[in-house]
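Any chance you could fold what I've pasted below:
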Amino acid sequence: MADLEIQYLLDTDLVPYENNSRTHSQQQVDQIKRSMREFGFTNPILIDEHNGIIAGHGRLQAAQELDIKLVPTITLKGLTEAQRKAYVIADNQLALNAGWDFDALNVEINNLDLLNFDLNILGFNDQELANIIDGLEKIPPELKEESYSQIFNLVVSCSDETEQEKIYNELTAKGYKCQVQSL
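Okay, here's the model as predicted:
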């Protein structure tokens, strides 16, 4: 990629990707809105040369709900159709593949708590925050990825996609690798 430049465009000039497979619950959009209020619009929307959104659908929805008309964008020029379609997926999935160093996270969250920072802006639910603060959000050594000698599966039946997304997000936030399957 050559020089990447932030350009502010009208929110109405951006074209959502019709086959975007990433979903954004209202709860998550509300989290993005809280983050934008606290930190500003710090993560530009990635678009193609025709203003088609590659990454940032949730950020755009949050901005629109906050009545932000001019949004920061970065145009990714020269992507093939296959690269553009793949990046729409990869941008989301690669972030999900990250884990947490729960000891470091515990220190940081406790420091923020001491500074009276609103911990709800971090995106964890109340139970997750309590577990992290109390030091309970640790992955036992026998479950760390590098020590797997076998892979164990767990099937969770959900009543709908919203519940499925919530459970998926909670488990991945705790460092578990999850796959969504329809049975």
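
Next SSE downstream of the host helix or strand of Gln28?
Per DSSP states H and E, Gln28 falls inside helix 26-39. Toward the C-terminus, helix 26-39 is succeeded by strand 45-47 as the next helix or strand (DSSP H and E).

in which helix or strand would I find Phe117?
Using DSSP H and E, no helix or strand contains Phe117.

Just give me the neighbour total for it.
By other CB atoms under 10 Å, the residues close to Phe117 number 13. Any C-beta I mention is one placed from the backbone N, CA and C, and that applies to glycine too.

Give me the phi and psi for it.
The phi and psi values for Phe117, taken as degrees, to the nearest 10, are phi -80, psi 140.

pLDDT at it, what is it?
Per-residue pLDDT puts Phe117 at 95.

neighbouring contacts of the helix holding Gln28?
Contacts to helix 26-39, defined as CB atoms under 8 Å, 6 or more residues apart in numbering, come from residues 24, 58-59, 61-63, 65-66, 68, 118, 120-121, 123, 166, 169.

what's the most distant pair in these?
Spanning the widest gap among the contacts of helix 26-39 are Ile68 and Lys166, at 26.8 Å by CB to CB.

remind me, longest helix of this structure?
helix 81-96 (DSSP state H).

For it, buried residues please.
Arg84, Tyr87, Val88 (16 or more other CB atoms under 10 Å).

so which helix or strand takes in Ile53?
strand 53-55.

What strands flank that strand, and is each parallel or antiparallel?
Looking at strand 53-55 with DSSP bridges, its partner strands are strand 45-47 (antiparallel).

Could you chop the protein up by domain?
6-96, 102-173 (automatic domain parsing).

Reformat those domains as JSON lines; add distance to Val180.
Below are the domains of the chain laid out as JSON lines (distance: least, CB to CB, whole Å):
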{"stretch": "domain 6-96", "distance to Val180": "11"}
{"stretch": "domain 102-173", "distance to Val180": "6"}
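
and Gln179, which of the ones you listed is closest to it?
Closest approach to Gln179 among those is made by domain 102-173 (9.0 Å; CB to CB).

what's the span of that closest one, first residue to last?
Counting by CA to CA, to the nearest Å, you get 11 Å between the two ends of domain 102-173.
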